[in-house]
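*Asks:* Build me a structure from this.
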Amino acid sequence: MLKSGRIKLDFWFWVKMVVTLFMLLFLIYPFFTLISRSFFSAKTDGFTMTNYIRFFSKKYYYSALGRSLLVSVITTITTLLVGVPVAYAMSRFNVVGKRFIHIFIIMSLMSPPFIGAYSWITLFGRAGLVTRFFANMGIDLPSIYGRLGIILVFTFKLFPYVYLYTSGAMGSIDSSLEEAAENLGSNKLRRLMTVTLPVVVPSIAAGAIMVFMTSLADFGTPMLIGEGYMVLPVLIYNEYMSEIGGNAHLASALSVIVVLCSTIVLLVQKFYISRKNYVMTAMRPPKEEVLHGWKRFAVTAPVMLVTFIGILPQLVVLVSSFIKCDFTGFQKGFSLESYITIFNRLRTNIRNTFVFSTIAIVFIIIIGMLISYIVVRQRGLTAQLMDLLIMFPFVIPGAVLGISLIVAFNKPPVVLTGTAGIIIIAYVVRKMPYTVRSGSAFLQQMDKSVEEASISLGASPMKTFAQVTARLMAPGVLSGAILSWITCINELSSSVMLYGGKTSTISVAIYTEVVRNSFGTAAALASILTVSTVVSLLIFLKVSKGKVSIV
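*Replies:* Below you'll find the predicted structure:
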């Protein structure tokens, strides 16, 4: 027994050491290097507040922060206005094609972050298909570019966050609460406003905070569709990558400000939710109300319309990838020319995307499984710190993470800038939370007696974990890993900061092709990502039995 106890201590001690070292080296060290860099300047020696003074004294800089916050707040409101009613209708009524609608809504969330912007440009841009159609009729459509375009794209891209959180909560609410309100004379509307919505407010707020932080950190959409409407992530990119001499110190200061804004909003949300929690037995979930005739149509039609708009970008990309295209835009007729071009000219980008993501997933699964076990089974200060730190990448925008890695690893003794390794590290750090959360949730449902029985029969803790625990955790870890995989192959914001000549990915190639007005090749590349995402998502739904867990 003494020997077993000593082995157990040694095994998990070294596991904690390795995981802690990984977090220190690739998460904490880069971020603190970024913070320290923000207090220096290329023009002066020693500690200085010049970068922050410049930000708060020049309208060009602080107005970008104001625009970012304005867009994020409006987007959060619009996604709530869209997502909550759709969630209520899907959870309470017999909506036609409910299962397929649910899958399509998830697919619209899992699409590449800039596909929506690209698709709306394809349809309503200056040379867009719809724009040209109406122009031939003498009708000039409003511009899709600028603030309203960004908000439109964000709304139909991100409302699934609100939908998933809210529908899950509404489906598990105890129906006795609503029945009690009904018995006291409340009509449906009053019952909804005074009972149902207040009870699910924590879930709605969780979806809202995901929308806010995602829209605040998004780089691709504002860059493609914003034009003169400068937001902070684009400003950070421009400052760091400027062709006339980037200012890495100022870019670092801008990055710190973005992280502070995200952190403050997250803490406010957590404080609010801590005062709004409700405890229910959930033994009697609400029954689906069966509608017929025009009532069923009235409920189904708006849900289908929202779902169609959400999935429209991926449909547009798929169809336009087969349309003939030249330097002036899309032409009449269909062709495989765009696919032939990308496989001849951009084969490396395609290979890099799947090779980098595959390598990252291997590390995500191994490290994520170990962290999940430590968080759930090895309770203590170390486990709590790991649980907190592993969620930190959700506060850090991708472009900020990219800059922090460049700042940390662009000089000896460790030089990773421009290599495939730094992109893979960014994927692992940024996408691991999906796998850790999924694995932790699965492990919490497992009975510890199975592991205890293995150890009591003489197996070491390491052998027990490898042959018993890991196998039992596999379904939960795999479902989270598929989500991590989907987000890896679609990642742009960190990749665009980190790629080199030989390490460019599909997402970076799509961005550069759109900037060059090569819409045909961009559509073909985006279609590859879309098909890969759909296949991965179907596998995920099969493994998770239709249950979606968003971190």
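*Asks:* since we're on Thr50, how many residues are nearby?
*Replies:* Thr50 is flanked by 18 other residues according to other Cβ atoms under 10 Å. Every C-beta, even on glycine, is put in place using the N, C-alpha and C of the backbone.
*Asks:* Helix, strand, or coil at Lys324?
*Replies:* Judged by DSSP: H, G, I helix; E, B strand; the rest coil, the three-state class of Lys324 is strand.
*Asks:* Can you give me every residue that contacts it?
*Replies:* Contact partners of Lys324, counting by Cβ atoms under 8 Å, 6 or more residues apart in numbering, are 330-335, 337, 520.
*Asks:* Tell me how far Ser335 lies from Ala526.
*Replies:* As for Ser335, its distance to Ala526 is 17 Å (criterion: Cβ to Cβ, to the nearest Å).
*Asks:* Now do the buried residues in the helix or strand Ile364 falls within.
*Replies:* Using DSSP states H and E, Ile364 sits in helix 347-377. Using 16 or more other Cβ atoms under 10 Å as the test for burial, helix 347-377 gives 349-350, 352-354, 356-357, 359-361, 363-365, 367-377.
*Asks:* just stretch 127-139 next, same as before
*Replies:* Under 16+ other Cβ under 10 Å, the buried positions of stretch 127-139 are 128-129, 131.
*Asks:* Stretch 468-482 too?
*Replies:* With the criterion 16+ other Cβ under 10 Å, stretch 468-482 contains buried residues 468-470, 472-474, 476-482.
*Asks:* Does Trp12 touch Gly380 like I think?
*Replies:* No - with contacts counted by Cβ atoms under 8 Å, Trp12 stays clear of Gly380, the gap being 10.6 Å.
*Asks:* of the two, who's got more company?
*Replies:* Neighbour count, other Cβ under 10 Å: between Trp12 and Gly380, Trp12 has more, with 19 against 10.
*Asks:* Now do the SS call for Lys332.
*Replies:* strand.
*Asks:* Retrieve the pLDDT associated with it.
*Replies:* Lys332 carries a pLDDT value of 75.
*Asks:* can you check the one 3 residues further on too?
*Replies:* Listed pLDDT for Ser335 reads 85.
*Asks:* ok, the residue lying closest to it once chain neighbours are set aside to Thr341 distance?
*Replies:* Spatial nearest neighbour of Ser335, chain neighbours left out: Lys324 (4.5 Å); criterion: Cβ to Cβ, 6 or more residues apart in numbering. Plainly put, Lys324 is 12 Å away from Thr341 if you go by Cβ to Cβ.
*Asks:* which residues do these two both contact?
*Replies:* Gly520.
*Asks:* one step back: sitting in helices, which of the buried residues of stretch 468-482 do you find?
*Replies:* Among the buried residues of stretch 468-482, the members falling in helices (DSSP state H) are 470, 472-474, 476-482.
*Asks:* And the furthest pair within the residues you listed?
*Replies:* Maximum pairwise distance among those (Cβ to Cβ): 18.2 Å, between Leu472 and Ile482.
*Asks:* Could I get the full set of strands for the stretch 451-551 of the chain?
*Replies:* Using DSSP state E, counting those that start in this stretch, the stretch 451-551 of the chain contains no strands.
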